[in-house]
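> Only the shape, not the letters, is given here:
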């Protein structure tokens, strides 16, 4: 990154002094180093995504249900792409759509009911009035009466950040 900044400064200086040969040489050097950095970042992101998949992909049960099969969240991580699907009985809907980031966080968007607006029908769709909101998945290990549980929560932004009920496995 320091080399890239230094080369950018040299490019700026070359622009000031208007030497065409220096400009061409610096531009090529910057493009080469940028390509190398992009390739390294992609490799690193791939490794982070694989670690996230091992740790977080799977089926999570509704913590509010204590008897029988309740609602579930199915988290799938394919490459950097992350989806979470809400499943209840035969019905299912996409709960979250996002990606793994270089810092290991999982951010994207979620379909939510808008604040203070009446929905036009009962379906969980854009046509019924739901809107896409910035969202993230937060994972945590918690200890409760059932023992150690790996938990997922959906956090989404409306007028403030709020979270949906937790699901665990």
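Alright, I've got the coordinates. Everything numeric in this text was worked out from a predicted model, so none of it was measured.

> max-length strand in the chain?
The longest strand of the chain (DSSP state E) is strand 131-144.

> Check which helices and strands that strand sits against.
Contacts defined by 3 or more CB pairs under 8 Å, 6 or more residues apart in numbering; DSSP states H and E place strand 131-144 against helix 20-56, strand 91-100, strand 106-112, strand 147-157. C-beta here means a position set from N, CA and C on the backbone, and glycine is covered the same way.

> okay, these, which one's buried deepest?
Highest mean neighbour count of those: strand 106-112, a mean of 19 (counted as mean count of other CB atoms under 10 Å).

> Which neighbouring elements make contact with that strand?
Where contact means 3+ CB pairs under 8 Å, 6+ apart, strand 106-112 is packed against strand 91-100, strand 131-144, strand 147-157.

> tilt between it and helix 20-56?
On the basis of axes from the mean of the first three to the mean of the last three CA atoms, to 10 degrees, strand 106-112 is oriented at 70 degrees to helix 20-56.

> Pull up the pairing partners for strand 106-112, direction included.
Strand partners for strand 106-112, identified by DSSP bridges, are recorded as strand 91-100 (antiparallel), strand 131-144 (antiparallel).

> roughly how far is it from the heart of the chain?
Computed by CA atoms, centre = their mean, to the nearest Å, the chain-centroid distance of strand 106-112 equals 8 Å.

> Noted, bye for now.
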